[in-house]
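>>> build the 3D model from these lines:
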Amino acid sequence: MFITFEGIDGSGKSVQAKRCADLLSRHSPVLYCFDPGHTAIGNAVRGILLNTAHAEMDPRTELLLYAAARSQLVTEEVLPFLNKGGIVISDRFYDSTTAYQGYGRQLPLDLIRRLNMTGAHDLVPDLTFIIDTELHTASGRVGRAADPDRLESESQAFKQRVQQGYRAIAENEPERCKLIDGNRPVEAIHREIRSFLEEKLNIEK
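Now for the predicted structure:
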């Protein structure tokens, strides 16, 4: 099974992805990964994408770099692990590209979909949790970080478009995507996700 966690920067998705990995590793082999990154090539691309020195980056360059990093992650790590019968949990996947480059950068969504499928090698997550957190809450969490990266430093209008993008994804794909209220304490969010997974995967509580 392939499970992904999505949300704006500061939403709390990374904490929930790691907790999910810990939970499911008690029952099955689990690979926890993050996108972009996790592979040597992916981490090199990630360094370019998030570097605040690259403010001049064209949106389509950004889009292609994300697709390239994702392609390496899928072929090197995700598909081999899934083919062995394991569970893969990824902190971000192509829904981030739809939200950030599609809605945030306002690139054509048909272009985004084509590049998403190319970079993902047509792999679609089985289940996606979108942690929906209000911007002021998420911004407060990011603000506590030592050095905000290039995307974390974007304008409020950009972040609003990204959030709207995530909500549109959840509305358009309700069978795959579960929208989770991320404004609550970490443990309350985890309990909701855990309850859903226990029912979905029929695992012991």
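
>>> which strand or helix spans Ile61?
No, residue 61 isn't Ile; it's Thr. Element membership for Thr61 (DSSP states H and E) is helix 59-73.

>>> so how far is the very next helix or strand once past that helix from its chain's centroid?
Note on helix 59-73: by DSSP H and E, the next helix or strand toward the C-terminus is helix 79-83. Here helix 79-83 is found 19 Å from its chain centre; the criterion is Cα atoms, centre = their mean, to the nearest Å.

>>> with just CA atoms, put helix 79-83 into CSV.
C-alpha atoms of helix 79-83 as CSV (Å, rounded to 0.1, in the frame of the first residue of the first chain):
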residue,chain,number,x,y,z
LEU,A,79,8.3,0.7,-6.6
PRO,A,80,10.9,-1.9,-5.4
PHE,A,81,9.5,-1.7,-1.9
LEU,A,82,5.9,-2.0,-3.0
ASN,A,83,6.8,-4.9,-5.3
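
>>> buried residues in that helix, which are they?
Using 16 or more other Cβ atoms under 10 Å as the test for burial, helix 79-83 gives 79, 81-82. For every residue, glycine as well, the C-beta is placed using N, CA and C.

>>> of the residues you listed, which is the nearest to Arg176?
Leu82 (16.0 Å; Cβ to Cβ).

>>> I'd guessed the closest one sits against Phe2; true?
Yes. Applying Cβ atoms under 8 Å, one finds Leu82 in contact with Phe2, separated by 6.2 Å.

>>> list residues touching both of these two?
Common contacts of Leu82 and Phe2 (Cβ atoms under 8 Å, 6 or more residues apart in numbering): Val88.

>>> for the chain, what spans make up the strands?
2-6, 30-34, 87-91, 127-132, 177-181 (DSSP state E).

>>> by how many degrees do the second one and strand 87-91 diverge?
Between strand 30-34 and strand 87-91, the angle formed by their directions is 20 degrees, by axes from the mean of the first three to the mean of the last three Cα atoms, to 10 degrees.

>>> identify all contacting residues around strand 30-34.
14, 17-18, 21, 24, 73, 77-78, 81, 86-92.

>>> would you list the buried entries among the residues you listed?
14, 17, 21, 24, 73, 77-78, 81, 86-92.

>>> of those residues, closest to Ala55?
Looking across the buried ones among the contacts of strand 30-34 and measuring by Cβ to Cβ, the closest to Ala55 is Arg92, at 21.8 Å.

>>> I'd say the closest one and Thr4 touch.
Yes. Counting by Cβ under 8 Å, Thr4 is a contact partner of Arg92 at 7.0 Å.

>>> roughly how far does Lys18 sit from His190?
According to Cβ to Cβ, to the nearest Å, Lys18 stands 10 Å off from His190.

>>> ok, Leu73 next?
Using Cβ to Cβ, Leu73 is found at 25 Å from His190.

>>> just give me the residue right at the centre of the chain.
Arg92 (1.6 Å; Cα atoms, centre = their mean).

>>> kindly state the pLDDT recorded for it?
Arg92 carries a pLDDT score of 97 in this model.
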